[in-house]
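[1] Kindly return the folded structure for what I paste below:
(one chain, ligands or ions: 1)
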Amino acid sequence: MTIRKTVRYIFLATAVIVVVIIAGGFIHSHAEENLPTSPIQSPDVWQARQQLVWEEFTALARAQVAEQERVQQAADAEEAADVALIQSGDQPAMLRESDREDQLIRSIIQGCDPAVAMQLPAVVELSWPLSGPMKVTSPYGERLHPIIGEEAFHRGVDLRARYGSPILAPADGIALYTATKTEYGNMLVVLHGEGIATVYGHLWKFAVHPYERVTKGQLLGYTGNTGFSTGPHLHFEVRQDGVATNPLEWLPPIETTGEGAVSQ
Ligand SMILES: [Zn+2]
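    Numbers count the residues shown, from 1 in each chain. Okay, the predicted model is just below:
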């Protein structure tokens, strides 16, 4: 028994040594042979490659962000230059700024989160955004701009209003944007259902915040005389998918008096 056991152990130990030597030689030779082209990557190589891919990706993303910032800074500088020219009465600068602000409103409306826009109820009819007798002092369309002094498309109607008159939501919606711009002055954009938006210009102050839900008749702000404005009034626009339309086509009909004045 003892001899047979000893023999078995010697045999086993020899077998183990032989296996270790063969395996060691195999791994060693293969590791040397295949290192440059091995399709099997060690975790370290894989990690290093992932790191490289990630660094390339972040470098690209950084370059894109830097390019966007450069374009935005150039646009801001152009606008600042135009705003300075406007101070000295430069009319082409006023027209450029007017187009710029129109584009801004379009991009705000078109860039609204579709999930938010889809929740808004369809607009059946808009109501007038001011209370009491209404007078359209300047209609929608081509006109001689009172400040720019040139033919400039009027993207809305001007409604007569005393300074600080309450502006009321013409339909349910969401206050999308408030800003102080050179042409529009204190400006508010409200989004309603089905891509309809209303825009209010030259406000004295706002009574709503961006992304606040508004219901028809709710106070939005107060009329003023900010921006390109020759006296207190409300500049009111109705836009479809960002593009200005004639507000009178959306509003209830009003009586027209002899001098073109209209009252409710
Ligand atoms: Zn106007």
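
[2] Closest approach to the ion from the stretch 101-250 of the chain, which residue is it?
    The ion sits closest to His235 of the stretch 101-250 of the chain, with a gap of 3.4 Å, by CB to the ion. Bear in mind the C-beta positions are built from the backbone N, C-alpha and C, glycine included.

[3] Pretty sure that residue sits against Leu203.
    No - look at His235 against Leu203 with CB atoms under 8 Å: they stay out of range, at 9.2 Å.

[4] just to revisit the earlier point, surely the residue of the stretch 101-250 of the chain closest to the ion forms part of a strand?
    Yes - assignment of His235 by DSSP: H, G, I helix; E, B strand; the rest coil places it within a strand.

[5] now it, nearest residue through space, not along the chain?
    Nearest residue to His235, sequence neighbours excluded (CB to CB, 6 or more residues apart in numbering): Gly201, at 3.5 Å.

[6] got a list of what that neighbour touches?
    For Gly201, the contact set (CB atoms under 8 Å, 6 or more residues apart in numbering) comprises 156, 183-187, 227, 229, 234-237.

[7] need the residues you listed in JSON lines with pLDDT and neighbour count, can you?
    Compiled in JSON lines, the contacts of Gly201 are given as follows (pLDDT from 0 to 100; neighbours: other CB atoms under 10 Å):
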{"residue": "Gly156", "pLDDT": "96", "neighbour count": "23"}
{"residue": "Glu183", "pLDDT": "94", "neighbour count": "24"}
{"residue": "Tyr184", "pLDDT": "96", "neighbour count": "29"}
{"residue": "Gly185", "pLDDT": "97", "neighbour count": "20"}
{"residue": "Asn186", "pLDDT": "98", "neighbour count": "22"}
{"residue": "Met187", "pLDDT": "98", "neighbour count": "26"}
{"residue": "Gly227", "pLDDT": "95", "neighbour count": "19"}
{"residue": "Ser229", "pLDDT": "91", "neighbour count": "20"}
{"residue": "Leu234", "pLDDT": "97", "neighbour count": "25"}
{"residue": "His235", "pLDDT": "97", "neighbour count": "24"}
{"residue": "Phe236", "pLDDT": "98", "neighbour count": "25"}
{"residue": "Glu237", "pLDDT": "98", "neighbour count": "23"}
